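Undergrad: how would this look folded up:
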Amino acid sequence: MKSLKFNFSHPVNGIVKLLNLVNPGQSRAMPLTTIADDSANISVDGLPVGRWKACIEWEHDGRTFFYEEVFEV
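TA: Model prediction:
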């Protein structure tokens, strides 16, 4: 399984958006929850080949956080 792995310093519940940078119609969004070691694996299986951007949004201690990273499949 191909995936992106993100490590956090605390438990996270949020949303991840996978944005296709060439064909926005193929973009998708899904819930994001960390596992016991405060990491999250996001499957990229089935995504078409090309450039994508992962956008992660979550809240912690009353503050909103946002992280993005461009990647290629």
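Undergrad: quick one, what contacts residue 23?
TA: Going by C-beta atoms under 8 Å, 6 or more residues apart in numbering, residue 23 touches 48, 50. Bear in mind the C-beta positions are built from the backbone N, C-alpha and C, glycine included.
Undergrad: same thing with residue 17?
TA: Residues 27, 28, 29, 54, 55, 56, 57 are the ones in contact with residue 17 under the rule C-beta under 8 Å, 6+ apart.
Undergrad: in a strand, it, correct?
TA: Yes: the assignment for residue 17 (DSSP: H, G, I helix; E, B strand; the rest coil) places it in a strand.
Undergrad: what bridges to it?
TA: Residue 17 has the following beta-bridge partners by DSSP bridges: residue 29, residue 55.
Undergrad: begin at 45 from here
TA: Will do, 45 is the new start, and the previous item becomes residue 61.
Undergrad: so where do the strands sit in the protein?
TA: In the chain, the strands defined using DSSP state E lie at 47-51, 57-64, 72-77, 83-87, 95-104, 107-116.
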